[in-house]
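**Q** what's the 3D shape of this:
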Amino acid sequence: MSSAVPSAVPAPERRPETTAVDGVLPSELLIEILLLLPAKDVCRVRAVCPSWRSLTYDPLFVAAYAARHPGPLLAVNNGGACIDLVDLSGDVVKRLRTTMEGYYEPRVLCTRFEYVLLQGQDHIISVIDPVSGSVSALPVGIAEGLACPGSGYPFWIALGQVASKGEYKLVRIVGEDLMGGGYGDGHLCEVFTFGEGIGHWWKNDNPAAYRGGIGQWRKVESPPAYLDPSFTNGVVVKGAAYYFFDRWHFEQPYIDSYNIKPGCIPSFNLETEQWSVAVQGPISQIIEKSNGVLNYRDLGGRIMLGEHKDFLVTVHYNKKTSTVDLWFLMDAENSLWSRQHIIQIGNIPGSMLVGVQPVLVLDDGRIILLVRTQSKDLLRIYSPGTNNATVLQVMASSSYVGVGIYTGSLLC
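**A** Take a look at the predicted model:
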């Protein structure tokens, strides 16, 4: 997936109402020039005159622009109350104000959607529309009967679609008692249903307009054991959200207490709202290939989850070799994994590497990773065949840094 302009993409077919544009340039040339501009500049020229505004809102022009600039855009919080939309060249296409001022910086949640989700203080979740810049918060508080914990408690989230109904569900899991040993029952797990979609909810955010739990938080079944606090987002693949158990559950006595196998990956079915531990991760293979160098505890904070074209991907950062391995789940029923990529991260000058988080695997095979160090965080694109890396963004190291994937169009 490249931000370069494909030469084979034609200009949009002319419509009668868009051919008479103001100015001295022929309409075909004007359209070709506008197709070369960044999205933020196209939005600016809409204020030039009514005919330019009409042209740039025309569905044919929007479609042609999307073909010339095949996203996605990356939503990054680089400190403060602003969110940057960054293209694959590292350029900031648009800067969004979150309205979340104060000492607690908003955190971009790792979702792949046409809206950007943010976590605020006390786990409050807001939705921002990158086109209009408007921000709308989900209902404050959590499901009835559950005490809302403070910001210091671990927090997991996942957003996905139930294909059979077309509705979107947001799963939020909050650790109720991390220090007190509240494993299993120490989770506050709930679901928010958007019904016909986030756009529909946005236009009808009056609670009286919802029925049957739509637009409200609902308590659901808790995970079968405590989740890994170092990995705070679920990855949705084919209608199920996948997480990791805490690394302590890979050892006795937790295996016996919770009747789970070492290395299994818990999943939450968005349609049935039930948990499963049927999928075994590639952890045993990772340990076996290390020839005794690694054990289950060594993998704490070194394993992350990702998704690529409906494949669940396990990303292993090997601190000893400074490499990242990508394992693809080829057969979920038989828990068959295949190691598809080995990426040499290398050393970051002046910084000690802390961890690596997968962001996106592009259609052309390049891989976007969030590389975290003690002094800074870097968004980098890696080419697995050559191990060449391009830095998209350099951010100050912060627990509030997050990266979302924006799949919509800023010209809508």
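
**Q** Compute the number of surrounding residues for Asn291.
**A** Residues within reach of Asn291, counting by other C-beta atoms under 10 Å, total 7. Any C-beta I mention is one placed from the backbone N, CA and C, and that applies to glycine too.

**Q** For it, which three-state class applies?
**A** Three-state call for Asn291 (DSSP: H, G, I helix; E, B strand; the rest coil): coil.

**Q** and it, what does it touch?
**A** By C-beta atoms under 8 Å, 6 or more residues apart in numbering, the contact set of Asn291 is empty.

**Q** What distance do you get for it to Lys320?
**A** 11 Å (C-beta to C-beta, to the nearest Å).

**Q** Equivalent analysis for Lys169, please.
**A** 39 Å.

**Q** confidence score at Asp177?
**A** Model confidence at Asp177, given as pLDDT, is 49.

**Q** Tyr243 too?
**A** 90.

**Q** likewise the one 10 residues further on?
**A** Listed pLDDT for Pro253 reads 53.

**Q** Neighbour count for Lys169 and Lys320, which is higher?
**A** Higher neighbour count among Lys169 and Lys320: Lys169, with 24 against 10, using other C-beta under 10 Å.

**Q** Quick check: buried residues in the helix or strand containing that one?
**A** Using DSSP states H and E, Lys169 sits within strand 167-175. For strand 167-175, the neighbour count (16 or more other C-beta atoms under 10 Å) marks 167-175 as buried.

**Q** so what strands line up beside it?
**A** Next to strand 167-175 in the sheet, as set by DSSP bridges, lie strand 155-162 (antiparallel), strand 187-193 (antiparallel).

**Q** Can you name the residues bridging to Val313?
**A** In beta-bridge terms (that is, DSSP bridges), Val313 pairs with Gly306, Phe328.

**Q** Quick check, pLDDT for it.
**A** Reported pLDDT for Val313: 90.

**Q** is it true that it touches Leu360?
**A** No - applying C-beta atoms under 8 Å as the test, Val313 and Leu360 come out as separate, 10.4 Å apart.

**Q** Run through the bridge partners of the nearest residue to Leu188 once chain neighbours are set aside.
**A** Nearest non-adjacent residue to Leu188, counting by C-beta to C-beta, 6 or more residues apart in numbering: Val174, 4.3 Å away. Beta-bridge pairing for Val174 (DSSP bridges): Phe155, Leu188.

**Q** Distance check, Val174 against Ile157.
**A** According to C-beta to C-beta, Val174 and Ile157 sit 10 Å apart.

**Q** what's the answer for Ile343, then?
**A** 26 Å.

**Q** same deal with Ile303?
**A** Going from Ile303 to Ile157 by C-beta to C-beta gives 18 Å.

**Q** Name the residue in the two with the higher neighbour count.
**A** Neighbour totals were compared for Ile303 and Ile157, and Ile303 leads with 23 against 20 (other C-beta under 10 Å).

**Q** Touching, the more buried one and Ile283? I think so.
**A** Yes - with contact defined as C-beta under 8 Å, Ile303 and Ile283 form a contacting pair (7.1 Å).
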